[in-house]
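[1] no sequence for this one, just the structure:
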């Protein structure tokens, strides 16, 4: 590949966009085009389904009632008609296997009519159940390779949607994915089970407080902020590491990175803004409610933030969002990179998971309201989360573990691997009052006078925010900041739901035993204060409102006894502990086989990713960097010899050449050492992962250090890879 021409094409592409009026690729879309609906929404269902069928389906979607499969034929016919009216020719059961991605097998909506003709058809049986081959998906040992049968089952709580290509439209039906034995092989099924578990326990708390009237279900709600990088596709395809691994395995730090802090919330480049606009339009059509777009901290890094939805729909929409970003980006000559740490030395990307609980009547159970110290129901739900995070910090840490996230967690832009809770001044003060007795006050934020008569006085929140905390209360929700940008949000939310369900169960049981079935308000308040006082004393160690990045906090966390699982190899085995197995089994989220299979599948993925990265690194080192270094070495030697032959003093150049030759030798030695480790591997996946961590990763780190030193010395016309300066700044 001619890197010079690649660079020229990238520069030309970036410049072309600066010449377009307002950066637009086409004329602005009409409003009716933006809001055209490509989702089989409740509004569409209400228009197309018989009233009684719609009512039955709505009770499943909103109240969690069992789905009556007898209505499937009617729903399927209406969905089929709607899809073909919008240009669809195929349908697919869209599911989320343990790969962490989505999967789909397209079937035609056109079938034979039996008389030599063709008709459109989608039966209730086709809607409710599919049968993809399950043998090639990760199962963690649940099934042998030759045991291939698997089923997809319609998830009526998540709306079907259309995906439009250049000459095709496909109806996507969200589904669960299970094996022939019924074991969950996906990330959707346990999420739905965990939502049921939490709802059941939360309803017990509401009944105690007498607030369960008209409430039939408690939903968990999620809004995930999505960070990502954009790279010109000409440069992207010139980097084998980005193409294969979604991150750079070599790359010297450029003179300018993010140190000027000028990219964050800066003016959005024109090509990027056009890409964002089209992506938003597609997402809007598919029912994904994107609220915010902006530049993130690192150069070349950006963010979309959707609004909160029911957890299962939000997690589905996160997958739709990621797929849409990649699909639309290519139309603008941009490659979307979702890896947690694609570039060393600058911020990585996360998926801040904003989690809360709400009744089906619209009441947010984590909204503290005005006089928070008097809102005992809120304090019960708050303290339940505190207890859950303290008791199961190891599970939360393990839920976001991956080879990619290992590069990000603990760095300056991400929370550490130590899980703690930030509550802020107001809630911390109330928790401390509860520990001592009856809370008497709620701290108020007041107003900020900006000092100019033309500017309004603005309200000050009663507490600041903490961007270093992995699990922070942010007004009426908890923000789990440690979720990786490339990950599905379904798994960490499954874990959060399950551990909070257990805490609500514990609190409800204790309160029910204390106050009986029909407590007076005074008796209930006294019991709540007593129970929460005990809970706070036992679990307040998990509260930390300071700077989570400091070494002092790490020492303090160790003194408090908080777990510190530094990486994936230390974290994933948590899912195999008796405590974890008992928890997930008790609330019918995952049985022993299903949970252990996930631990195995996650560790297998870790091993495969590190293996791919190390082999890609060795290939780049052998085929690209080493030849470039030797060419530079030869060029330098010829220049030194020519100077000497001309009688010119070249001692300094000889010293520099000798130093460079030594660097090339050390690079070759490190490259050979990395290649040598590929020949040794344990049959046990957990042992193999430990070997990867202890042997291969250190050798990759050593090789990268030497390769990055070479990049700073080898002539630019010889260096075979686009630099960080080009990758990050050419937009």
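    Perfect, I can see it now. Please read these numbers as outputs of a predicted model, since none were measured by experiment.
[2] Are we agreed that residue 482 is in a helix?
    No. Counting by DSSP: H, G, I helix; E, B strand; the rest coil, one finds residue 482 to be coil, located in no helix.
[3] Please state the offset of stretch 299-313 from the chain centre?
    From the chain centre to the centre of stretch 299-313 is a distance of 9 Å (C-alpha atoms, centre = their mean, to the nearest Å).
[4] in that stretch, what's buried?
    Buried residues in stretch 299-313, defined by neighbour count with 16 or more other C-beta atoms under 10 Å: 299-306, 308-313. No exception for glycine: its C-beta is placed from N, CA and C like everyone else's.
[5] so which of the residues you listed comes closest to residue 129?
    residue 312 (18.8 Å; C-beta to C-beta).
[6] Surely that closest one and residue 195 touch.
    Yes. Using C-beta atoms under 8 Å, residue 312 makes contact with residue 195 at a distance of 6.4 Å.
[7] count of residues packed around residue 61?
    Neighbourhood size, residue 61 [other C-beta atoms under 10 Å]: 18.
[8] Then residue 558?
    So residue 558, with other C-beta under 10 Å, has 12 neighbours.
[9] Now do the helix or strand where it lies: everything it contacts.
    Using DSSP states H and E, residue 558 maps to helix 551-560. Here helix 551-560 makes contact (C-beta atoms under 8 Å, 6 or more residues apart in numbering) with 416, 418, 420, 541, 544, 546-547, 564.
[10] nearest to residue 256, of these?
    Residue 256 has its nearest neighbour among the contacts of helix 551-560 in residue 547, at 26.5 Å by C-beta to C-beta.
[11] ok, the closest one to residue 276 distance?
    Distance, residue 547 to residue 276, by C-beta to C-beta, to the nearest Å: 33 Å.
[12] Please say which of the two ends up with more neighbours.
    Taking other C-beta under 10 Å, residue 547 and residue 276 do not tie; residue 276 has more neighbours (22 against 12).
[13] Can you name the helix or strand that residue 172 falls in?
    For residue 172, the element it lies in under DSSP H and E is strand 169-179.
[14] Mind giving me the packing neighbours of whatever helix or strand residue 273 lives in?
    When elements are assigned from DSSP H and E, residue 273 belongs to helix 270-285. In terms of contacts (3 or more C-beta pairs under 8 Å, 6 or more residues apart in numbering; DSSP states H and E), helix 270-285 is packed against helix 3-18, helix 31-34, strand 290-295, strand 301-306, helix 311-331, strand 334-337.
[15] 6 Å - rerun?
    On a contact count with 3 or more C-beta pairs under 6 Å, 6 or more residues apart in numbering; DSSP states H and E, helix 270-285 meets strand 290-295, helix 311-331.
[16] That one - what's its average pLDDT?
    Across helix 270-285, the average pLDDT comes to 94.
[17] Can you give the contact residues for stretch 644-660?
    Contacts of stretch 644-660 with the rest of the structure, by C-beta atoms under 6 Å, 6 or more residues apart in numbering, involve 636, 640, 643.
[18] Buried ones in it, by neighbour count?
    For stretch 644-660, the neighbour count (16+ other C-beta under 10 Å) marks 650, 653-654, 657, 660 as buried.
[19] I'd like the residues you listed written out as CSV, with distance to residue 101 added.
    Shown next, in CSV, are these (distance: C-beta to C-beta, whole Å):
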residue, distance to residue 101
650, 56
653, 52
654, 54
657, 49
660, 43
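[20] Can you classify residue 157 as helix, strand or coil?
    Residue 157 - assigned by three-state DSSP - is coil.
[21] Let me see the contact set for it.
    Neighbours of residue 157 in contact, by C-beta under 6 Å, 6+ apart: 61, 312.
[22] Adjust the sequence numbering to begin at 17 for everything that follows.
    With 17 as the first residue, the last one maps to residue 173.
[23] Against residue 216, how distant is it?
    16 Å.
[24] and if you look at residue 465?
    Taking C-beta to C-beta, one finds residue 465 at 49 Å from residue 216.
[25] For those two, indicate the residue with more neighbours.
    A count of neighbours by other C-beta under 10 Å puts residue 216 above the other of residue 465 and residue 216, at 17 against 10.
[26] Name the nearest residue to that one, ignoring sequence neighbours.
    Take residue 216 and drop its neighbours on the chain: the residue closest to it by C-beta to C-beta, 6 or more residues apart in numbering is residue 517, 7.5 Å away.
[27] Report the contact partners of that neighbour.
    Residue 517 touches 213-214, 217, 603, counting by C-beta under 6 Å, 6+ apart.
[28] Now pLDDT too, for those residues, in CSV please.
    Output for the contacts of residue 517, formatted as CSV (pLDDT from 0 to 100):
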residue, pLDDT
213, 98
214, 98
217, 98
603, 98
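[29] Could you list which of those belong to helices?
    Under the assignment DSSP state H, the contacts of residue 517 contribute 213-214, 217 to helices.
[30] returning to that earlier point: now rank the contacts of helix 567-576 by neighbours and give me the top one.
    residue 436 leads the contacts of helix 567-576 on contacts (other C-beta under 10 Å) with 27 neighbours.
[31] quick one: residue 192 and residue 205 touch, right?
    Yes. The pair formed by residue 192 and residue 205 meets the contact definition of C-beta atoms under 6 Å, at 4.5 Å.
[32] how about the longest helix anywhere in the chain: buried residues?
    Counting residues, the longest helix in the chain under DSSP H turns out to be helix 608-636. Using 16+ other C-beta under 10 Å as the test for burial, helix 608-636 gives 610-623, 625-626, 629-634, 636.
[33] May I have the distance across stretch 106-115, first residue to last?
    24 Å (C-alpha to C-alpha, to the nearest Å).
[34] List the buried residues for it?
    Applying 16+ other C-beta under 10 Å to stretch 106-115 flags 106-114 as buried.
[35] do the same with stretch 182-202
    For stretch 182-202, the neighbour count (16+ other C-beta under 10 Å) marks 185-195, 199-202 as buried.
[36] next one: stretch 600-607
    Neighbour counts over stretch 600-607 (16+ other C-beta under 10 Å) mark 600, 603, 605-606 as buried.
[37] What about these, which are in strands?
    Using DSSP state E, no member of these sits in strands.
[38] Of all pairs in these, which one is the farthest apart?
    Farthest apart among the buried residues of stretch 600-607 by C-beta to C-beta are 603 and 606. That separation is 9.1 Å.
[39] And for the residue nearest to residue 88 when sequence neighbours are not counted, the neighbour number?
    Leaving aside its chain neighbours, residue 88 sits nearest to residue 140 (3.1 Å; criterion: C-beta to C-beta, 6+ apart). When counting by other C-beta under 10 Å, one arrives at 17 neighbours for residue 140.
[40] And for residue 539?
    Number of residues near residue 539 (other C-beta under 10 Å) recorded here: 13.
[41] Make sure I have this right: it is in a helix.
    Yes. Counting by three-state DSSP, residue 539 is found in a helix.
[42] roughly how far apart are it and residue 223?
    Applying C-beta to C-beta, the value for residue 539 to residue 223 is 15 Å.
[43] Also residue 56?
    In terms of C-beta to C-beta, residue 56 sits 35 Å off from residue 223.
[44] Look at those two and report which has more neighbours.
    Taking other C-beta under 10 Å, residue 56 and residue 223 do not tie; residue 56 has more neighbours (23 against 15).
[45] Which residue, other than its chain neighbours, is closest to the more buried one?
    Per C-beta to C-beta, 6+ apart, closest to residue 56 is residue 176, 4.2 Å.
[46] Go ahead and confirm that neighbour touches residue 170.
    No. Assessed by C-beta under 6 Å, residue 176 is found out of contact with residue 170, at 8.9 Å.
[47] Please identify which of those two sits among more neighbours.
    Per other C-beta under 10 Å, whichever of residue 176 and residue 170 has more neighbours is residue 176, with 26 against 23.
[48] Just the helices from the stretch 17-166 of the chain, written as ranges.
    In the stretch 17-166 of the chain, the helices defined using DSSP state H, counting those that start in this stretch lie at 19-34, 47-50, 58-64, 67-79, 88-101, 140-144.
[49] Turn these into JSON lines, columns for mean pLDDT.
    Below are the helices of the stretch 17-166 of the chain laid out as JSON lines (pLDDT from 0 to 100):
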{"stretch": "helix 19-34", "mean pLDDT": "79"}
{"stretch": "helix 47-50", "mean pLDDT": "54"}
{"stretch": "helix 58-64", "mean pLDDT": "93"}
{"stretch": "helix 67-79", "mean pLDDT": "89"}
{"stretch": "helix 88-101", "mean pLDDT": "94"}
{"stretch": "helix 140-144", "mean pLDDT": "91"}
